[in-house]
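**Q** what follows is a predicted structure for the sequence shown.
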Amino acid sequence: MDIVKTSKKLADKVEEKVEKGLEVVKDTFDNVARHLPFANLAKHSDDTFSIEIDLPGVKKEDIEIKIEDDNLTINAQRRYKNETKEDDYYLCESSFGMFSRSFALSENINRDKIDAKYENGRLYVTLEKAESKKAKKIAIK
C-alpha cells in the first residue's frame with residue numbers, strides 16, 4: 001500500500017513541476033514577443049513596397065540592414081536608460097537588448113534599389129520591383 005501512495009505522490013510532484021515549467025516557458029515567450037519591434041508591410045503601387053518598423057529608443061548607428069540569399073534582415077540594438085535623480089528618490093528604468101526581423105524577398109525585388117531611412121524611432125525600407133518585372137502598358141496601334 002505504501003508503494004501506491006509513494007507513486008501517487010511522486011506522480012503529483014512531477015505533474016506540478018511540469019505545470020510550473022510550462023508557465024515559465026509561456027512567460028518567457030510573452031516577454032520575447034513584447035520586445036520584438038512592430039512591422040507594417042504595405043504595397044504603394046504595382047511596383048513599390050515598403051516596410052515600416054517601430055524602433056523607439058534605438059539610435060541609427062545601432063541598426064544594421066543586410067540582404068543574404070533571399071532574406072532582408074534588420075538587426076537593431078536598444079540601449080535605453082531613463083534615469084531620474086532627485087533629493088528624495090532615485091528612479092532608473094532601462095531597456096537593453098538585441099533583436100532581429102527577417103523578411104523573405106521574392107525574386108522580382110531589385111536588390112540594388114532597396115532604400116532605407118530612419119526618423120523619429122521608425123525605420124522605413126522601400127523596395128522596388130526589378131525593371132523587367134514591372135508592369136508595362138502596351139500601346140494599341
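**A** Arrived safely, thanks for sending.
**Q** part of a strand, is residue 6?
**A** No: going by DSSP: H, G, I helix; E, B strand; the rest coil, the assignment for residue 6 is helix, not a strand.
**Q** give me the below-cutoff pLDDT ranges for the chain.
**A** The chain contains residues with pLDDT under 70 at 1, 11, 14, 18, 21-22, 24-36, 80, 94-95.
**Q** any chance you could map the strands in it?
**A** Taking DSSP state E as the criterion, the chain carries its strands at 39-43, 48-54, 63-68, 71-85, 90-104, 115-119, 122-128.
**Q** can I get those in TSV with distance to residue 19?
**A** Placement of C-beta: from N, CA and C, glycine included. Formatted as TSV, the strands of the chain follow (distance: least, CB to CB, whole Å):
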stretch	distance to residue 19
strand 39-43	34
strand 48-54	35
strand 63-68	40
strand 71-85	33
strand 90-104	29
strand 115-119	44
strand 122-128	40
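**Q** would you format those strands as TSV with mean neighbour count included?
**A** Below are the strands of the chain laid out as TSV (neighbours: other CB atoms under 10 Å):
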stretch	mean neighbour count
strand 39-43	11
strand 48-54	17
strand 63-68	12
strand 71-85	14
strand 90-104	12
strand 115-119	12
strand 122-128	18
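**Q** nearest to residue 3 among these would be which one?
**A** Closest to residue 3 of the strands of the chain is strand 90-104 (CB to CB; 50.1 Å).
**Q** pull the closest one out as PDB, backbone CA atoms only.
**A** In PDB, the C-alpha atoms belonging to strand 90-104 read as follows (Å, rounded to 0.1, in the frame of the first residue of the first chain):
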ATOM      1  CA  TYR A  90      16.100  57.800  -7.500                       C
ATOM      2  CA  LEU A  91      14.400  56.100 -10.500                       C
ATOM      3  CA  CYS A  92      16.200  54.200 -13.200                       C
ATOM      4  CA  GLU A  93      14.400  52.300 -16.000                       C
ATOM      5  CA  SER A  94      16.500  50.500 -18.600                       C
ATOM      6  CA  SER A  95      15.700  48.600 -21.700                       C
ATOM      7  CA  PHE A  96      18.600  46.800 -23.300                       C
ATOM      8  CA  GLY A  97      18.600  44.100 -25.900                       C
ATOM      9  CA  MET A  98      19.300  43.000 -29.400                       C
ATOM     10  CA  PHE A  99      16.500  42.000 -31.800                       C
ATOM     11  CA  SER A 100      16.200  40.900 -35.400                       C
ATOM     12  CA  ARG A 101      13.400  40.800 -38.000                       C
ATOM     13  CA  SER A 102      13.800  39.000 -41.300                       C
ATOM     14  CA  PHE A 103      11.600  39.300 -44.400                       C
ATOM     15  CA  ALA A 104      11.700  36.900 -47.400                       C
END
